[in-house]
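Asker: Predicted model and sequence below, questions to follow.
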Amino acid sequence: MQDDDLTRDIAEVPAVELINTVAIHLLSAAAVKLGLGDGPDAETEVDLDEARKLINALAGLVTAAAPEVGSVHAAPLRDGLRSVQLAFREASTIPDAPGKGPGEKFTGSVV
């Protein structure tokens, strides 16, 4: 496939689909870093520093994109974001202050 073919293909994809795809990848990666993935080693692969980065990026994307994608698309993304934010708080041995957890500068406190 040539570069022109790739450019043409992505040009045909609606923005809402691209935003949702990126958000789902960030959400999935955060869940894996929180030990919520499938497999026998899931809990040993916990990396809260990496999860925090991914959740912050997801929160920024979801917050910025919500007005553009509409509530039908934003609501499930917000739900997923809140789930990983709460999972992070549960997994963390040193709790963040309310409003200081990952992504909470964009979403407000989840506790």
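Answerer: Thanks, I have the structure now.

Asker: Any regions of the protein where pLDDT drops low?
Answerer: Residue ranges of the chain with pLDDT under 70: 1-8, 42.

Asker: try it again with 80
Answerer: Within the chain, the segments meeting pLDDT under 80 span 1-8, 39-44.

Asker: all helices for it, in order.
Answerer: For the chain, helices defined by DSSP state H occupy the ranges 3-11, 15-33, 48-69, 71-91, 104-107.

Asker: what's the closest of those to residue 40?
Answerer: Closest approach to residue 40 among those (CB to CB): helix 15-33, 13.7 Å. C-beta coordinates here come from the backbone N, C-alpha and C atoms, glycine included.

Asker: Extract the C-alpha trace of the closest one and format it as PDB.
Answerer: Extracted in PDB, the C-alpha atoms of helix 15-33 (Å, rounded to 0.1, in the frame of the first residue of the first chain):
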ATOM      1  CA  ALA A  15     -13.500  12.200  13.100                       C
ATOM      2  CA  VAL A  16     -15.800  10.700  15.700                       C
ATOM      3  CA  GLU A  17     -14.700   7.200  14.700                       C
ATOM      4  CA  LEU A  18     -11.000   8.200  14.900                       C
ATOM      5  CA  ILE A  19     -11.500   9.800  18.300                       C
ATOM      6  CA  ASN A  20     -13.400   6.800  19.600                       C
ATOM      7  CA  THR A  21     -10.700   4.400  18.300                       C
ATOM      8  CA  VAL A  22      -7.900   6.300  20.000                       C
ATOM      9  CA  ALA A  23      -9.900   6.600  23.200                       C
ATOM     10  CA  ILE A  24     -10.600   2.800  23.300                       C
ATOM     11  CA  HIS A  25      -6.900   2.100  22.800                       C
ATOM     12  CA  LEU A  26      -6.000   4.400  25.700                       C
ATOM     13  CA  LEU A  27      -8.700   2.900  27.800                       C
ATOM     14  CA  SER A  28      -7.600  -0.600  27.100                       C
ATOM     15  CA  ALA A  29      -3.900   0.100  27.700                       C
ATOM     16  CA  ALA A  30      -4.800   1.800  31.000                       C
ATOM     17  CA  ALA A  31      -6.800  -1.200  32.100                       C
ATOM     18  CA  VAL A  32      -3.900  -3.600  31.200                       C
ATOM     19  CA  LYS A  33      -1.500  -1.400  33.200                       C
END
